[in-house]
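[1] following is a predicted model, sequence given first.
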Amino acid sequence: MEIKFKRKHDGVHIPKYATEGSAGFDLRVDSFKTYYQDGNATPRDFATDPNIPRDGEEVQTMYMFPGSRLLIGCGFKIAIPCGYAMDIRPRSGLALLKGIAVLNSPGTIDSDYRGEIGVILVNHSRDIVYITKGDKVAQGVIIKVETAEFKLADHLPETARAEGGYGSTDIVN
């Protein structure tokens, strides 16, 4: 399958699979968009904090406090064919080693979306975690999707499963 993409600038990493058998391709940090800590959003320039390493005016590394959320830009737009979508999924190494996950996992990129690909990260650890431009922070997986036709019904077919959900399959009959 061929998927067209457009870079914001020449320095953006081209999406690629790490191995021949990889289901997901790497999504890397190109820019830092919005940072939330204790429910407060900080602008893109992350104020005037002199402790954040910069290349000129551009932030190169961002630290995430425990419980914080960070929206990063991947630096490219993508044209996903109709009938497909892209899942944005966490990287297992970041989750295990640093406690970083994709907050709305999986994030869904629809076939008609043409904006920059972004990833919402969350720091579930008790430590400050540093995220640097170019870091692999998530993976994209192209998936086939079906469009459902919903029909109103007076009754639904019965099943052996309990109606309650939320642990209902653990109930012993």
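    Done, it's in. Numbering: from 1, shown residues only.
[2] all contacts plus neighbour counts: C-alpha atoms, from now on.
    Fine.
[3] what's the mean pLDDT across stretch 35-55?
    Average pLDDT, stretch 35-55: 60.
[4] just stretch 147-161 next, same as before
    Mean per-residue pLDDT for stretch 147-161: 91.
[5] determine how far the last residue of that stretch lies from the first.
    26 Å (Cα to Cα, to the nearest Å).
[6] so for it, what gets flagged as buried?
    The neighbour-count check on stretch 147-161 (16 or more other Cα atoms under 10 Å) flags nothing as buried.
[7] then stretch 29-40?
    So for stretch 29-40, counting by 16+ other Cα under 10 Å, buried means 29-36.
[8] which members of the residues you listed are the farthest-apart pair?
    Distance extremes for the buried residues of stretch 29-40: the farthest pair is 30 and 36 at 18.2 Å, using Cα to Cα.
[9] still on that earlier bit, nearest to residue 144, of the buried residues of stretch 29-40?
    Nearest to residue 144 among the buried residues of stretch 29-40, with distances taken as Cα to Cα, is residue 29, at 25.9 Å.
[10] contacting residues around the closest one?
    Listed by Cα atoms under 8 Å, 6 or more residues apart in numbering, the contact partners of residue 29 are 72-75, 132-137.
[11] local confidence estimate at it?
    Each residue has a pLDDT score; the one for residue 29 is 96.
[12] from residue 71, how far off is it?
    For residue 29, the distance to residue 71 - Cα to Cα - is 10 Å.
[13] where does pLDDT dip in this structure?
    Residues of the chain meeting the criterion pLDDT under 70: 39, 41-58, 162, 164, 167-173.
[14] are any of the contacts of residue 29 buried, and which?
    For the contacts of residue 29, a burial check counting by 16+ other Cα under 10 Å picks out 72-75, 132-134, 136-137.
[15] please flag which of the residues you listed sit within strands.
    Using DSSP state E, 72-75, 132, 136-137 are the members of these that sit in strands.
[16] farthest pair in those residues?
    Counting by Cα to Cα, the most remote pair of those is 75 and 132, 14.0 Å apart.
[17] cool, thanks, signing off.
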